[in-house]
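[1] need coordinates for the following:
(chains A and B)
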Amino acid sequence: MSLLQMTGVDKRFGQVAALTGVDFTLEAGEVHALVGENGAGKSTLMKILAGVQPPDAGSMTLAGRPVRFHGVDEAQAHGVVMVYQELALVPSLSVAENLFLGRLPRVVGYRDLYARARGPLAQVELDLDPAGEVASLGIGERQLLEIARALAREGRILVLDEPTAALSASESERLFAIIEKVKASGVAMVYISHRLEEVFRIADRVTVLRDGRLVGTRVVADTTADEIVQLMVGKAVRRYQRAPRTKGEALGTFEAAGPGLEPLSITLEAGEIVGLAGVIGSGRERILPTLFGLAGTASWAGDPVRSPRDAIREGIVLVPSDRKQQGLVMELTVQENVSLATLSRLQRFGFMDARREREQTRTWIERLSLRPPEPRKPARELSGGNQQKVVVAKSLATEPTVLLLDEPTRGVDVGARTELYDVIDGLSRRGLGLLLSSSDTEELIGLSDRILVFRGGRVATELRPPFDYEEVVAHVTGARQLA
Amino acid sequence: MSLARVNWREVFARFGLLMALVALVVILSLLSDRFLTPSNVVNVLRQISINAIIACGMTVVIIGRGIDLSVGSLLALTGVVGAGLAVGGLPAGLAVLVAMALGTALGTFNGLFVAYAGIAPFIVTLAGLTIFRGAALAYTDGRPISGLPPLFMTLGYGTFLGLPVPIWIMLAFLLVTHVILRFTALGRAIYAIGGNEEAARLSGIPVRRVQVFTFAFSGLAAALAAMVLTGRLNSAQPSAGVMFELDAIAAVVVGGTSLFGGRGGVFGTLVGALIIGVINNGMNLLNVPSFYQQIVKGGVILAALLIERLVATRRT
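    Numbers count the residues shown, from 1 in each chain, chains lettered A, B, ... in the order given. From the prediction side, this is the model:
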């Protein structure tokens, strides 16, 4: 009898089926890796397991007894604990307080609390002062502390969501050693990862999800990285492929370096789209902010880029990944947002030139077929895809030579996605150089003229067309290095 | 929107404040026949002029997601310096200009700490509140300055086209502030920074410089108010303007400008100042004891924000 059995789990979000008929089992004392591309349903499945969300259909048994969790606390009471990748610790509290957070006695006796903390800390081999502040801990120690916290809650099933994403190589090693030890004590672990070398290193079994379906479970010792990649990719339905382009002149060269990013240089041609691939923690997610002058050091065509203002002056604009936090001013209208990066051009002696502003907005609304085509609508009232178009319009209004696209279709529905791809393709045909950073392999293949794969803070591989879907995934997940 | 189906929520969100003001006026004119007389209306406008001028600066700061607690003290300091220079022999017009320049400089000082040192506006201007007050007291040795040249008298008591000069100054400054906020690139940048500082920075807006401007403008507003107040009192008091920052903030927030930045305007602030002014005036006419007046004033501020809150939550 399995420790955990999930049967026929369905979950929909509106029109999108996130999970369809998933059967998942977990044995006591195993490390079970869960892999799949972004949007495959890994996180949704684990959220259902941990009581964060209820399933639409399906059942779950724990040690043979049917269970149904209405909330995280119920799941925890049954020993199912999630260890989040975005660390859920309170930095200003002590190690011991964090360990027992949410279960602190009404009157906290600190001597007792510190004494009780030693057990869980020893289990993960953390030699820490229980009274010390979490703020002073490194990220690796925090990750271990989270595992200790899960163990302190008498967790029998731990869900580790990309635990090594932010860790260095030596910190990861330490984590793997602890995982082995915890496993030996009979605790089962689900290990979500995008890095196959880790899967083959520490997992006993591996389950692959694709488009919300479970496509296979394999014993790690009996499978190969290539097989896993094949399962992840399946028969890829190519939804978008832009037409080939002609070679352009060189626009310039980026030089960049920064925390978590080794010095690199990228030369960009007019009309070229360079795809940037890599898992979280590979350095890929840091490159565009660095090139835009937000972190580290960067230069374009020999000129230093120290701030977004410098970048925009050089003709470089960023369409940021998080449009709510970084892209739009929700309170302002479409027109006001579109004008934001071009205020200096739309003014005359300090006064806004209302006519030019209206014309500029109308041009972009038409060119990007924004819906509804109303310049006076507050940005917050638009759909995700149209909000993204506003951010793109704002950036393009600066008439850039280089466009940096950071996850341009995150949270954008499928229809609007194709439209955005057409926009991106159209920009390259107008001679812009584009850097496209994305975790969506299909998107990278569909749009890129070449793909730079990041690993360990540097460009590990450069891929050129024709792209093979499987090969790209194999490079990104590190499966190619295992073969 | 067709005429048949009026969206009352929308109407209320947009004109609720004005409706509240009109309702207040109607109620008070029924309760007291001295309320809606031309002389009393002018009286109310003159009474609110100083607060409204300060509140103009405060509106700009708050739209940029800041707060300026130092305006009352800044008013005292610029008032005594302007008066001191004038009494000391500087031509009165020049003294007024120097005082306004000083106010702008002190506001800039606040702004530099906020924008470049990254200290919270609340803290920076709280420090300014005590520093400027202390400076005003030190400069005057704690004594008022009187014997001012006639220009100050004109600022406080003069009339132009039948209306008192303070009202003209208030209206002019409201207009200037409105134009800056609505028709300049700078104004747009202030809204953008208040609404989403990160997005503004990524759009290449010089966020820090704009932040400094908002505080400098608030300093200028307070100094201008100081000149009017000095004229009204016909002397400059180092203890003037205590708690004025709270009246200004009250006018701004009652006027519908969000303390979270990015939203609001100076027209609302004028209505906010009017509502507060009308309540004060009405209660005086009705002989409500001043202790109770404070309670009512606080209650009105709470009620205004509660209503705004309800309208805002319905909207999202």
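[2] report how many residues lie close to residue 259.
    Going with chain A. 10 (other CB atoms under 10 Å in any protein chain shown). Every residue, glycine included, has its C-beta placed from N, CA and C.
[3] actually chain B
    With other CB under 10 Å as criterion, B:Leu259 counts 13.
[4] count the neighbours of the nearest residue to B:Leu229 once chain neighbours are set aside for me.
    Leaving aside its chain neighbours, B:Leu229 sits nearest to B:Ile50 (5.4 Å; criterion: CB to CB, 6 or more residues apart in numbering or on different chains). B:Ile50 has 27 neighbours, counted by other CB under 10 Å.
[5] please give the element, helix or strand, for B:Ile50.
    Using DSSP states H and E, B:Ile50 sits within helix B:38-63.
[6] which strands or helices does that helix pack on?
    With contacts taken as 3 or more CB pairs under 8 Å, 6 or more residues apart in numbering or on different chains; DSSP states H and E, helix B:38-63 sits against helix B:71-87, strand B:163-164, helix B:165-183, helix B:185-195, helix B:207-233, helix B:244-254, helix B:266-285.
[7] show me which residues of chain B sit near chain A.
    Counting by CB under 8 Å from any CB of the partner chain, chain B comes close to chain A at B:183-186, B:188-189, B:191-192, B:194-196, B:198-206, B:262-263, B:316.
[8] got the buried residues for the helix or strand containing B:Gly134?
    Using DSSP H and E, the element containing B:Gly134 is helix B:121-140. For helix B:121-140, the neighbour count (16 or more other CB atoms under 10 Å in any protein chain shown) marks B:121, B:124-125, B:128-129, B:131-133, B:135-137, B:139-140 as buried.
[9] with distance to A:Gly79 and pLDDT added, can I get those residues in TSV?
    Output for the buried residues of helix B:121-140, formatted as TSV (distance: CB to CB, whole Å; pLDDT from 0 to 100):
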residue	distance to A:Gly79	pLDDT
B:Pro121	48	97
B:Val124	50	98
B:Thr125	52	98
B:Gly128	56	97
B:Leu129	55	97
B:Ile131	59	98
B:Phe132	61	98
B:Arg133	61	98
B:Ala135	65	98
B:Ala136	66	98
B:Leu137	67	97
B:Tyr139	71	97
B:Thr140	72	96
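[10] residues contacting residue 156?
    All of this refers to chain A. A:3, A:28, A:78-80, A:186-188 (CB atoms under 8 Å, 6 or more residues apart in numbering or on different chains).
[11] not quite, I wanted chain B
    B:165-166, B:228-234.
[12] for ChimeraX, write a command that selects the buried ones of those.
    The buried residues among the contacts of B:Gly156 can be selected in ChimeraX (16+ other CB under 10 Å) with this line:
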select /B:165,166,228,229,230,231,232,233
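[13] widest-spaced pair of the contacts of B:Gly156?
    Spatially, the most separated pair among the contacts of B:Gly156 is B:Val165 and B:Leu233, at 14.6 Å (CB to CB).
[14] tell me where the model's unsure across the chain.
    The chain I'm using is chain A. Low-confidence segments of chain A, defined by pLDDT under 70: A:85-87, A:235-239, A:414, A:483.
[15] that was the other one, I meant chain B.
    In chain B, residues with pLDDT under 70: B:1-6, B:9-10, B:12-13, B:311-316.
[16] switch the cut-off to 90
    Where chain B drops to pLDDT under 90, the residues are B:1-21, B:23-24, B:256, B:258-261, B:263, B:290-291, B:293-294, B:296-316.
[17] compute the inter-axis angle for the helix holding B:Ile50 and helix B:244-254.
    Relative orientation of helix B:38-63 and helix B:244-254, computed by axes from the mean of the first three to the mean of the last three CA atoms, to 10 degrees: 90 degrees.
[18] in the stretch 151-300 of chain A, which spans are helices?
    A:169-184, A:196-202, A:225-233, A:284-291 (DSSP state H, counting those that start in this stretch).
[19] count of neighbours near residue 99?
    Picked chain A for this. Using other CB under 10 Å: A:Leu99 sits among 28 other residues.
[20] oops, wrong one, chain B.
    For B:Ala99, the neighbour count with other CB under 10 Å is 26.
[21] hmm, it is touching B:Leu75, no?
    No: counting by CB atoms under 8 Å, B:Ala99 does not reach B:Leu75; the two are 10.1 Å apart.
[22] need the residues touching each of the two.
    B:223, B:226.
[23] who in the stretch 151-300 of chain A is up against chain B?
    A:292, A:294.
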